Structures are given as structure tokens and as C-alpha cells.
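*Asks:* predicted structure and sequence below. I'll ask about it afterward.
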Amino acid sequence: MASVVEQRHLVQFYEDARFLSERVATFLKEALATGGAAGAIARPEHLAAICVQLERAGVDIEKVRGQGRLLLADAQMMLDTFMAEQSPNPARFVEAIGTRIRSLQRRAQHHAVHVYGEMVDLLWESGNRDGVGELEDLWTSLMHESTFRLLCGYRISAFDRDTTGFDFVCTHHDAARPTTNYAVLGGGGIQAHALALVEQRARALESEVLQRRRLEGRMHELLDVGGELAAARNRQTVAQLLVENGRRAVGAETARVWSLAPGAAELQLLAVSQSVNHPCEPDTLPLDGDSPIAHVARTGEALYIGNADEYRERYPASHELDPGHIAVAILPIVADSAIRGVLAYSYAHPRSFERIDRAFKTILARQCALALERLHLQEQDRALREAAERAASAEKQARSDVELLYELTATVARLDSVEAVYDLALQTVLRGSRADRAAILLFEPDGVLRFKASHGLSDAYRRAAEGYTPWDREEPYPAPISVGDVEADPGWASSRDVVLAEGIRALAFVPLVHRRELIGKFALYRDSPTPFAARDLQLAATVAVHVATAVERKRDARELARSLREEREARVLAEDARRARQDILSIVTHDLRNPLGTVMMGAQSLLSFDTEPERIRKIAERIQRQADRMARLITDLVDYGGIETGKLALERASHRPDAIIEATTDIFAQLAEERGLRFESRIWPDLPLVDCDSERAVQVLGNLVSNALKVTPRGGAVSIGAEPKDRDVVFYVRDTGPGIDAEDLPLLFERHWQSETSAYRHARLGLSIARGIVDAHGGRIWAESQVGAGSTFYFHLGG
């Protein structure tokens, strides 16, 4: 009969599911209750019944599964992963089952791992006896590589047709756990055989009964600490509970727990319990040292030294440090096939470590491993739960972000102004990032970064913060910048007072980039020192793309409008130039033709030998007048060009209005007489001086008088004069000509005014030049007329 220590491969015969589920649940809970791990590979209905029993026993199924400490798997599905026809494939068995066992061991750390399996039962019921034997052997091999206990379940009714099956199954296990009723064996022979086998094994156990009772007594001593272990929340507390209760249970003077972290070069003293005070022990031991504790930590093999001579001979240095310890029992703390520490008991007297004593200490070491592993798994479980909560929160936030961005995209498409896009973008970022304030800043043409829209910021802060950019303007891929606490960040020393005065503690800047050009930034602010998360910056960056696109769309629209405007202006200028050329041609062909004809006729008369002297004088005077007229026309052409280019020169001074009137009268008096017109001048007395270019003033009056003389019929009258009006001196030219249509009056002084009916249709150049001269003085020119009653032209020359 195998000893208690060796009973790792057990078989449970059962009659009904309830009996089985109760036994299996008890077996699994033994491991789970101490912080270990457990697994059940069974039929689905048995899995459900086992879970019910575990929950009744106080096991939180969801919790231990979430910690990775409980494996629940369908037996048939597991079989299908590694069976090759009628035989299990060893490599696939290790991959399918061994991987899961090792995972349970990692979760259990130094605590026990219990596994229940029904895959052999399925094979047995299908009649595959050889497959059962091969699978049992694979389980046994796996237990040699990994530390765990296996309980195999067999339905007892499956043996009523096979007289050798009971022995066959039992020989593959360390111990058999019988069912409560053998009636279903059917046939007295088989039942007698089974009972005989049980009796034989019972006699073999008689020698161990007393030791088992002692062991059970000690185990009862440890049950009381189970509740305390379950409530413990840190490694130190767990280790101290184990050494205190374990030391009393095994009757040792000293109990110690040393921990070994993965990859560490030394052991750390985790807890110690002593019946009497001993010299202080070191807190650490080198893993490569020659102490018995280091030896066990390196090899993973338990060490028992029963007397001082053996202790001194094998480890002289350690015995010297602690001569009061005569016997020692040192066991590895193993979890997930890895050594996690050492459990050491010391005795002041020689001791013979019997098998049952060693088995009990092994249980204590496993309990220690399970308890510590339980804490580790609890920590992992908390971490997994927190990660799951974070993932759920992130998923919820992601959905919210998508909805926000969808709403933003749909709304932006309907907005007509970029300012509306700014407001919508700020609302979206404030909702999505949980910022307290936000702003959008853009680079102006002068290169300064200025606020375009903001929420929650004072005017003073906006004035102080304008112009600041954390990126080089030429940088093609600027990255977002986040400051979790402005008060603590040394990089904000120069601006800290301004930011804190606004009540801002955390901030972030997100670049606005379009076609690799930095055009501005998104600014986010929080009133508490809470850093912006990566998703906050990502949301702001996505919104920034919409803002940058809207800004560039507006900029493109402005550029297009400017181009169209320039194109229209160019067309207007071209048309003006064309008309100007046409005007010049008209003047040259019309206005200069008449005086030129007069000059030519006069010249022909002068060439006649019989021309009288008086006749010659009159012809010469006529030639002179026409030459003067052509000179004035040429001057008008030059002035026309100066007015067009804005380069008309003025020589202003103070002049008497009557002198300007007299100078004009002298020029046109003779011409008026020749045309049979009365030409009169009237000057208001005591008129103030006029600040003007007198020659230009005479030129304006001359153009108006020349036009009046042209349109006034013989016998009519033309008068010129000056009079006061609203602190200005107003000059006028009045004629008794045909008058001007009312609709033509506003257009008289336009450069390209055309009229087929107006008598002034050939006077547009002179009138346009007159307006240009008056405008250059800062004055005003206008006309009043009534068709059939003549016209009056007025102008004043400003200050």
C-alpha cells in the first residue's frame, strides 16, 4: 500500500452523480481553500453538479476561475484533442493537458494542485481498455514532472462484465476510494473479489493507522488557522500564521520561511517563529552558499538531518552559527514547478523523521506554497478585474468618442462658417475629454498665434497666452504636448504664475496641421492636476483635423475670391485702358481735327499774295487761338494720364477767387464774341482766399467754359463767377444751352460716359479731367440742369 506521501494518483469509484460531485468537490476544495488550484475534466452534467457542491462549500466559482485557479473542461472535448484512433498521442496529451496543469501550478505557486478527471472513465465505458492503460500511464508520467494530485473517476457499474477490470484499474493508482454501495457490481464473484481486495488493503493499512491518527490530529490543529489564512491580505501575514501554527504542530523550536523571487541570487527571510529566543538570523542568504537552506533552494529536494554530528559534518559553518539546533527539517516551497522559497524547522534534540512526520511536513510546505500562491493569484485576479474594468470603461469611452466624432462630422458638413466649426469643435472636445476649458489658436499672416475661439478663459489670460507655440513652425509632424501639473513642472517656471492665476493646473496642446503645415493649435485645460489621457489627446487630434480642414477650406475660398476679384479688376483695368485709347483716338480725330483745319486754312490764306494786312492779322489771331486750343487739349491728355495713375501734381497756395475768374475770362472772351454769345463774369464781394493750384483752377473753369461755349446756340449767354457757400468758395459756369437729361447728370463726370443725345457727349474728357483736378484738391464738382433751360456746373476746391 502506498504511503500518504506517495498517494498522488487516486481512483474514486462512484454509483451516482451526487455522491461523485460531493467527493470531487471536497477533493478540489482541499486545494482551493489553501490558495492552491484545482481542475475538473468531466462530463458536462458532472461539471455542473461539482460547481453546485463547491458553491455550497463556500467557494466563489467566478472568483477562482477569474484568478485562473479553477479549470473546468469537457472530458470528451479534451479526449478529442489528443486521441489518435484508439490510443492517446503523448505529445498532443502534453500539449493539451500538460499545458493546463502547468498553468494551474503557476497560479497555485507553492500551494497544492488537485485535478479530477473522467477521460479514462469515458474510454473504459467505450470498451477501450488499452487506451485506459495508456492514458493512466501518461497521467503518471505527467505527475513525475509536475507536483499535483490526480483523482480519476470510474463508474462502478462499468465493471460488472469484466472480472479483471477492478484490479487493472487499481494497479494504476496509489489508492482507491470505494463507493458507498457495491450492490451494482452484479454477480457475487466480482463483488466478493472487490471486497477481498478492499480487505487486503485494509490489513496493509493497519500498520499506518496510528501514524495516520497522529497526522489527523496535527491536521486538525491546522484547520483553525484556515480562516485566518483566508482573511490574510499580504505575504508577511500568511507566512507568519504558517510558521506559528506549523511550529506548534510539528513540535519544533524554530520555524522559518524564506522566499526566493524568480531570478534572484539570494533568499529573503519572510517569517520566523521561535519557542525561545535565539540569536538574530540574517535577513538574506546567498543562493550559492553552502548552507542547508541554500542547498534545498537550489536542488528542490527536502533535507532531513536528525542529529548534531550529521549536521556538523555536512554543514559545519551553519551549525557553528546556530549550535543550539541539533536536528533540522528543510523543505522546498514549490509552486508551478518552480521553487519559490524554503520552509525550515529546527529542533534542540535529536530526532528521527519518520515517514508520516515527513509527510506532514510536506503537507505544511505545500500549504505554505498554496497560501502564498493564493495571495499571488488574488493579486492577479484583482489586476485582471481592474484590467477588465478598464477595458470595459475604455470600450464605453470609445463608443462615446465615435458617437461624438460622428455627430461632429455630420454637423460640420452643414455649417456655413468656420466660426461655427470652432464652436462645435470646442463643445465636442469639452464633452469628450472632460476638459474644463478649451481654445483654438491660429497663426495670423504676421506669424503670431492668436485666439480664434475659446471657452472658459478670461480676456487677460488670452492676451498673456497669445503668441506662445510649443513647436517650431517648420516642423512637419509636431506631437501633442501634455502637462499633468503646471505647478510641479519645472518647464513652466516662467509662465506658471499666469497659468495658475487663471485657475489652470493641467493643460495639453494638440497641433492643427494641414498638408504638413502647422496652422495653429488646440489648447485643453483642467482646473485640477489631472493629466490628459492618451485617448483625450487622440480625440482632440481627430477634432483638430476637422478644424484644420475647415480653416484651410476658408483660406482656399478666400484665395479663390481674391483671385476672382483680381481677375475682375484686371478685366476692368484692361477695359479702362481700351476705353482710354478710344478716348484719345476720339480726341485726336475729332477735337484736334477742327482747330487743325482752321490752322491749315489760315496758313493757305497767308500764302495768298493778295491778302491784306488786316486780314493777315485776323488770320494770325485765329491760328493763335486754335493753337492754344490744341495746346489745352494736349495738356488735358497729359493730365488725363496723371489722373489715371494718381500722379497729378499740384502747387497749392492762397489765391484770390476774382483773379482766377479774370484769368479765365481773358482766355475765352474773344471766342465767345466770335460765336455770338454774351460772356459775363460775376464775383461776390469780400470772398476769402482759396487754397489751390491756381493754374489747375483756371484749367477746370476753362474746360467748363469751353464746353458751355460749344453747346450754347448763337445769341445765348455764358456766365462764370464765384460765391460763398457753407464756408467754401464755390465757382460756377452757367449757360443757356439745351440742358442735360436728369438721368445723365450723375454720369457726366465719369471717364467713359457715353450719350448719343446729350450736347455734352463730346465733352467727357474735359469733364473727367475737371473732376480729377477737383478730387485732387479734396473738393467736389457737380451739375444742375433743366432740359431746354440750360445748365450750371459748380465746384469748390476744399480747405
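*Replies:* Received, thanks. Numbers count the residues shown, from 1 in each chain.

*Asks:* CA only for contacts and neighbour counts going forward, please
*Replies:* OK.

*Asks:* what pLDDT does Leu150 get?
*Replies:* Looking at Leu150, its pLDDT is 94.

*Asks:* how far away is it from Gly98?
*Replies:* 13 Å (Cα to Cα, to the nearest Å).

*Asks:* of those two, who's got more company?
*Replies:* Taking neighbours as other Cα atoms under 10 Å, Leu150 and Gly98 compare with Leu150 leading, 24 against 19.

*Asks:* which SS state does the more buried one fall under?
*Replies:* Secondary structure, DSSP: H, G, I helix; E, B strand; the rest coil: Leu150 is strand.

*Asks:* kindly report the same for Leu441.
*Replies:* strand.

*Asks:* isn't it up against Phe451?
*Replies:* Yes: Leu441 lies in contact with Phe451 (Cα atoms under 8 Å); the separation is 4.3 Å.

*Asks:* and the two? Which one has more around it.
*Replies:* Leu441 (25 against 20).

*Asks:* got any ranges where the stretch 151-300 of the chain has weak pLDDT?
*Replies:* 160-163, 179-233, 276-281 (pLDDT under 70).

*Asks:* where along it do the helices fall?
*Replies:* 165-170, 188-205, 209-231, 235-250, 292-299 (DSSP state H, counting those that start in this stretch).

*Asks:* buried sites along stretch 339-353?
*Replies:* 339-348, 353 (16 or more other Cα atoms under 10 Å).

*Asks:* try stretch 540-557
*Replies:* Applying 16+ other Cα under 10 Å to stretch 540-557 flags 540-541, 543-544, 546-552 as buried.

*Asks:* domains for the chain, by residue range?
*Replies:* 9-213, 232-380, 415-549, 648-796 (automatic domain parsing).

*Asks:* could these go into CSV alongside distance to Glu621?
*Replies:* Formatted as CSV, the domains of the chain follow (distance: least, Cα to Cα, whole Å):
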stretch, distance to Glu621
domain 9-213, 124
domain 232-380, 122
domain 415-549, 65
domain 648-796, 10
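
*Asks:* how about these, which one is nearest Gln397?
*Replies:* Nearest to Gln397, of all the domains of the chain, is domain 415-549, at 8.4 Å by Cα to Cα.

*Asks:* I'd like the mean pLDDT over that closest one, please.
*Replies:* 86.

*Asks:* strands along the stretch 1-150 of the chain, start to end?
*Replies:* 9-14, 37-42, 70-74, 83-84, 87-88, 113-117, 149-155 (DSSP state E, counting those that start in this stretch).

*Asks:* strand partners of the fourth one, parallel vs antiparallel please.
*Replies:* Strands adjacent to strand 83-84 in the sheet, as given by DSSP bridges, are strand 87-88 (antiparallel).

*Asks:* same question, the last one
*Replies:* Strands flanking strand 149-155 in the sheet, each with its direction: strand 9-14 (parallel), strand 113-117 (parallel) (DSSP bridges).

*Asks:* follow-up on the earlier one: quick check, nearest of the buried residues of stretch 339-353 to Glu502?
*Replies:* Distances from Glu502 to these, taken by Cα to Cα, are shortest for Arg340, at 55.0 Å.

*Asks:* does the closest one touch Gly263 like I think?
*Replies:* No: under the criterion of Cα under 8 Å, Arg340 is not in contact with Gly263, lying 10.4 Å apart.

*Asks:* mind checking how far the residue lying closest to Ala425 once chain neighbours are set aside is from Ala453?
*Replies:* Once flanking residues are discounted, Ala425 sits nearest to Val543: 6.3 Å by Cα to Cα, 6 or more residues apart in numbering. As for Val543, its distance to Ala453 is 14 Å (criterion: Cα to Cα).

*Asks:* could you measure from the residue sitting nearest the centre point of the chain over to Gly432?
*Replies:* Nearest residue to the geometric centre of the chain (Cα atoms, centre = their mean): Gln538, 1.1 Å. With distances taken as Cα to Cα, Gln538 is found 10 Å from Gly432.

*Asks:* with Thr542 instead?
*Replies:* 11 Å.

*Asks:* try Phe509
*Replies:* Phe509 is 15 Å from Gly432, by Cα to Cα.

*Asks:* those two: who's more crowded?
*Replies:* Shown here are Phe509 and Gly432; by other Cα under 10 Å, Phe509 has more neighbours (25 against 21).
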